[in-house]
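Visitor: after the sequence you'll find the predicted model.
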Amino acid sequence: MALTGGADTTARKAKWWFVNAVVVVYALVPVLWIASLSFKTKETINDGNFVPREWTLENYRAIFGTSEFVRALVNSIGIALIATAIAVVLGTMAAYAIARLDFPGKRALVGVSLLIAMFPQVSLVSPLFEMERGLGLFDTWPGLILPYITFALPLAIYTLSAFFREIPWELEKAAKMDGATPAQAFLKVIAPLAAPGVFTTAILVFIFCWNDFLFAISLTSTERSRTVPAALSFFTGSSQFEDPTGTICAAAVVITVPIILFVLFFQRRIVAGLTSGAVKG
Amino acid sequence: MADIVLDKVTKRYPDGAVAVRDVDLEIADGEFVILVGPSGCGKSTTLNMIAGLEDITSGELRIGGQRVNERAPKDRDIAMVFQSYALYPHLTVRENMAFPLRLAKVDKETVRRKVEEAARVLDLTQHLDRRPANLSGGQRQRVAMGRAIVRNPKAFLMDEPLSNLDAKLRVQMRTEVSRLQRKLGTTTVYVTHDQTEAMTLGDRVVVMRAGVVQQVGSPQFLYDHPANLFVAGFIGSPAMNFLPATLEEGVLRSPLGDITVTDRVRRLLTDAGAPREVIMGVRPEHFEDAALVDEQSLARGVVYRGQVDVLESMGSDKYAYFSVEGERARSAELEELAADAGVADLSSSGVGTVVTRLSAASAAREGERVEVFFDPDKVQLFDPNSGRNLTYAGD
């Protein structure tokens, strides 16, 4: 009985292994392919080999040699960092209020912020385009930072309020009794406990801003504020007849690497953040 | 160290609900006062008002002679121990206990000395570098106490500090708290819903009900002379037996038989202007197996003969439960006590049940008829409408 049971679990395990392998391969092959393409020379780029026969860093040299990409990279980093910082600070305050205070319209506030997160962004692109042109925000950093904050805030509030709810109220009372001012109580007791939550939220918001293509392509027109995902689509070869596949792939790899590193490094915290938001939220 | 005075302190919430009404209380320097009552009686709100965690709607709170109504908790110089302990999980035991001192900008050497001294008193020295998550319940409780004692505050406030411990540890820590308070001599206000804690710990006990102070006094005084039905039913375990009775020309007609009222009680009843219909209360421990009582006492007392429903032998005592004829006593206060106790305390909610505590030597058996004796002078009589104790001999 035990033997057949053992065989059964082994068979089941094998099946799961197989399914997992399929999923992982399905997800990873395109990424690896792009990485492989980015290392191929112009001549071998269409040879269909998964592993490049001739390795080259030419594509990377090319993209970092153009102001187009470097400038876009600066824009991407700057815009994503600023948007993340503002969204996390505002989100922290809002989430703290939602988790701690009872005020009229609290439910409505949470509802509206969730509604914003659900709203199809594509339907907002045209009005935003018109508004930003009218306000002189079109093709500027604030022109991208503002919509990013708007769409990232619900996510930030939602995740952070779940974290704040887990911090016992009495800790703050205890800090007050121990002689802390409200600011000290927040900084010395609540903030250290909320730090993992704030951190997780910051990463999630950063990834959201970093990955955005829709707003980036619609609300920018020049190198002044174009971010990498948008800039990629404007890549051209050195001549009109040259295919920019290699350079696009190299750029794609460059902007993917920080995200992969982030996720690998903080994997546990992100998962904890997402699930605590899902279960307790 | 200081005295704490509550002068007509009231807490009214914005929606109009009154949590605490006109509490007058003078807590002497070094005194250990217990606020006790069922959940929702306003005891924790009162404590939070003393702490400064809740605003005082009206009235005045003075600590050490100074009005502190408007002062933030941190400026009142009082320490609090919470039911959940509220230890800072990201700090070690040492850092937890040092926290109030660091906020007060005490120099490092003094902090180290004071924390280590407190740790020695509370037997926490070997745990100083651990985090709260790695401590047992009792150890966490001691850390919470340690955090309160390190800075020598004017007063300690304790909000049910022992109710998260298991029964055995609770008894042990109860003694510990008592010893610590005696040693430090710091004014202490202690909130609990457990009447045993109230009886054993405090110099004085304040019984509260629905935001109103019912009676203030030493544990023994409250036990002997409850001011009303509520206090009588709340203090003592198992609770006092309450039965409806009728007063007829110096004779109390009760389900336990007719009782001739003693001269002392008769005077009190006349002074109180007692109605005809009353509720009589007899504590379980005032009964005894008639077979074990000497003739002389027997002649002065009352003997009730009944069938034992249930007999619980505790080793040291026996609890015999009787069903008596007639309705059980009815009053708003008794209903409230029964509701608070839940079904756990059938002696106060059952239909005409009497609990008696008999000596271990008693031969009483379940299902058999037995005679129990009680002293009529120990019987307390209450007004069923107001709940007032008609035989109250206090003050």
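Guide: Looks like it arrived, so ask away. Numbering: from 1, shown residues only, chains lettered A, B, ... in the order given.

Visitor: which secondary element of the chain has the worst mean pLDDT?
Guide: The chain I'm using is chain A. helix A:245-280 (a mean of 73; mean pLDDT, DSSP states H and E).

Visitor: oops, I was thinking of chain B
Guide: Here the helix or strand of chain B ranked lowest by mean pLDDT, DSSP H and E is helix B:346-349, holding a mean of 46.

Visitor: what's stretch B:125-138 in contact with?
Guide: B:85, B:87-94, B:96, B:115-116, B:119, B:139-140, B:143, B:164-166, B:169, B:172-173 (Cβ atoms under 8 Å, 6 or more residues apart in numbering or on different chains). For every residue, glycine as well, the C-beta is placed using N, CA and C.

Visitor: let's see 6 Å
Guide: B:Leu87, B:Pro89, B:Thr92, B:Val93, B:Arg94, B:Ala119, B:Arg140, B:Leu165, B:Leu169 (Cβ atoms under 6 Å, 6 or more residues apart in numbering or on different chains).

Visitor: what strand or helix carries the fifth one?
Guide: B:Arg94 is part of helix B:93-103 when elements are defined by DSSP states H and E.

Visitor: report all helices and strands that the helix or strand where B:Asp271 lies contacts.
Guide: With elements taken from DSSP H and E, the one containing B:Asp271 is helix B:263-272. Using 3 or more Cβ pairs under 6 Å, 6 or more residues apart in numbering or on different chains; DSSP states H and E as the contact criterion, no helix or strand is in contact with helix B:263-272.

Visitor: give me the most central residue, chain A.
Guide: In chain A, the centroid-proximal residue (Cα atoms, centre = their mean) is A:Ile207; its distance is 1.1 Å.

Visitor: how near is that one to chain B?
Guide: 27 Å (Cβ to the nearest Cβ, to the nearest Å).

Visitor: since we're on the residue nearest to that residue when sequence neighbours are not counted, how many residues are nearby?
Guide: Residue nearest to A:Ile207 in three dimensions, not counting chain neighbours: A:Ile259, with 6.0 Å by Cβ to Cβ, 6 or more residues apart in numbering or on different chains. Using other Cβ atoms under 10 Å in any protein chain shown, A:Ile259 has 14 other residues around it.

Visitor: how about A:Ala62?
Guide: 18.

Visitor: confirm that it sits in a helix.
Guide: Yes. Assessed with DSSP: H, G, I helix; E, B strand; the rest coil, A:Ala62 lies in a helix.

Visitor: whichever helix or strand A:Val74 is part of: which residues count as buried?
Guide: Per DSSP H and E, A:Val74 falls inside helix A:67-100. Within helix A:67-100, the residues that count as buried by 16 or more other Cβ atoms under 10 Å in any protein chain shown are A:68-69, A:71-73, A:75-77, A:79-80, A:82-84, A:86-88, A:91-92, A:94-99.

Visitor: do the same with stretch B:291-310
Guide: Along stretch B:291-310, these residues count as buried under the neighbour rule (16+ other Cβ under 10 Å): B:Ala291, B:Val293, B:Gly301, B:Val302, B:Tyr304, B:Gly306, B:Val308.

Visitor: show me which of those residues is closest to B:Phe382.
Guide: B:Val302 (18.3 Å; Cβ to Cβ).

Visitor: got the contact list for that closest one?
Guide: Neighbour list for B:Val302: B:Gly257, B:Ile259, B:Phe374, B:Pro376 [criterion: Cβ under 6 Å, 6+ apart].
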